[in-house]
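Peer 1: Predicted coordinates and the sequence they were generated for:
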Amino acid sequence: MNHASDQTNEPESTSSGLESFSRVLTDDRLKIACMRPIYLATSAWLEHIPFAFWLVNGQRPKKLVELGTHYGASYFAFCQAIEKLTLGTTCYAIDTWKGDQHAGFYDEEVYAIVTAHNNALYSRFSRLVRATFDDSVTYFEDGAIDLLHIDGLHTFEAAQHDFQTWRPKLSESAIVLLHDTNVREREFGVGILFAQLSAEHPSFEFKHGHGLGVIGVGKNQPAAIQGLFEASKHGPTHRDYCEFFARLGRACADAHCVSILQKQLQSLRPPSLPPASS
């Protein structure tokens, strides 16, 4: 075995990887991804919040629709970026806020929490629509939605139905997000749908955070989004983007875990004793 050869090759490979990653880090369009989230809630979406910030900056959608909001971790990430960038985007979160077989079923408290946060910060451009996806679609004009996030029931049939139902509403610059593309259990089939759509449209997939698929359904994509789709064709650059957003996303999830632990510790502390009488 030629140990000398091994020793010279390893630093070169490491150096090349660092240079490639540094190009990602110095991209000005990525800086917004480092913004601190205002809102964190229990969600499988927490690890994609930095990408949501970046995506809003890169695409600058005029109309955004989310199908399936639950506690609002993804939706309020989009809203925070829109507010930060002072965009003229209008946003709609569509959900029954009752749950389903994958998200679980929940009471009115969830809707109350989401409504309170939306009213406090984003009511200028954001509206919560408490209805089914199918009932809501007729209220949107064709070709108007630039960013559609599909995160409802995650069976293949349900996700495919949601995409096909809302497809006519998408604009010429539309992007579709599919969450849970990397879940392979409990009848989840979003990954299958993403694979099918990727054969027809430019795409990018993050494997972390249960998987997030990005699909360029519209033909007119801005330069930043085109660059993302081009990166998916080149292994090292694709890996750098995934690494960058996965690490930032993990920080969001960790921050939420710390917050929960702090509340639990607080509840375990004995109540303060009254001062002793003199």
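Peer 2: Now that the structure is in, tell me what you want to look at. Numbers count the residues shown, from 1 in each chain.
Peer 1: Contact partners for V114?
Peer 2: By Cβ atoms under 8 Å, 6 or more residues apart in numbering, the residues touching V114 are T69, Y71, G72, A93, W97, L128. Where you see a C-beta, it was placed from the backbone N, CA and C, and this is true even at glycine.
Peer 1: do you know how far it is from A52?
Peer 2: 16 Å (Cβ to Cβ, to the nearest Å).
Peer 1: One more: N182?
Peer 2: Distance from N182 to A52, by Cβ to Cβ: 17 Å.
Peer 1: higher neighbour count, those two?
Peer 2: A side-by-side neighbour count of N182 and A52, using other Cβ atoms under 10 Å, places A52 first with 28 against 18.
Peer 1: follow-up on the earlier one: from the contacts of V114, which two are the most distant?
Peer 2: Using Cβ to Cβ, the two most remote members of these are Y71 and L128, lying 12.4 Å apart.
Peer 1: Correct me if wrong: S171 contacts G218.
Peer 2: Yes - taking contacts as Cβ atoms under 8 Å, S171 lies within contact range of G218: 5.7 Å.
Peer 1: where do the contact lists of these two overlap?
Peer 2: D146.
Peer 1: Which parts of the stretch 101-250 of the chain are strands?
Peer 2: 104-105, 126-130, 145-150, 170-179, 203-206, 212-215 (DSSP state E, counting those that start in this stretch).
Peer 1: Look up the closest residue to F206, ignoring the ones flanking it.
Peer 2: L212 (4.6 Å; Cβ to Cβ, 6 or more residues apart in numbering).
Peer 1: roughly how far apart are the one you found and F194?
Peer 2: 9 Å.
Peer 1: give the contact list for H117.
Peer 2: Y39, G72, F76.
Peer 1: Closest one of those residues to T155?
Peer 2: Nearest to T155 among the contacts of H117, with distances taken as Cβ to Cβ, is G72, at 22.9 Å.
Peer 1: C91 is in contact with that closest one, correct?
Peer 2: No - with contact defined as Cβ under 8 Å, G72 does not count as touching C91 (11.1 Å).
Peer 1: Show me which of these two is the more surrounded one.
Peer 2: More crowded of G72 and C91, by other Cβ under 10 Å: G72, with 28 against 22.
Peer 1: For R269, see how far away that one is.
Peer 2: 30 Å.
Peer 1: next one: N182
Peer 2: Distance from N182 to R269, by Cβ to Cβ: 39 Å.
Peer 1: Could you do F156 as well?
Peer 2: 48 Å.
Peer 1: Mind checking which of the two has more residues around it?
Peer 2: F156 (15 against 7).
Peer 1: Can you give me every residue that contacts that one?
Peer 2: G189, V190, I192, L193 are the contacts of F156 under Cβ under 8 Å, 6+ apart.
Peer 1: Model confidence score at the closest residue to the first one other than its chain neighbours, please.
Peer 2: What it means is G189. Of all residues not flanking G189 in the chain, F156 sits nearest, at 2.6 Å (Cβ to Cβ, 6+ apart). Turning to F156, the model gives it a pLDDT of 91.
Peer 1: buried residues in stretch 177-195?
Peer 2: Of the residues in stretch 177-195, 177-183, 188-191, 193-194 count as buried by neighbour count, 16 or more other Cβ atoms under 10 Å.
Peer 1: Show me the shaky parts of the stretch 151-278 of the chain.
Peer 2: 271-278 (pLDDT under 70).
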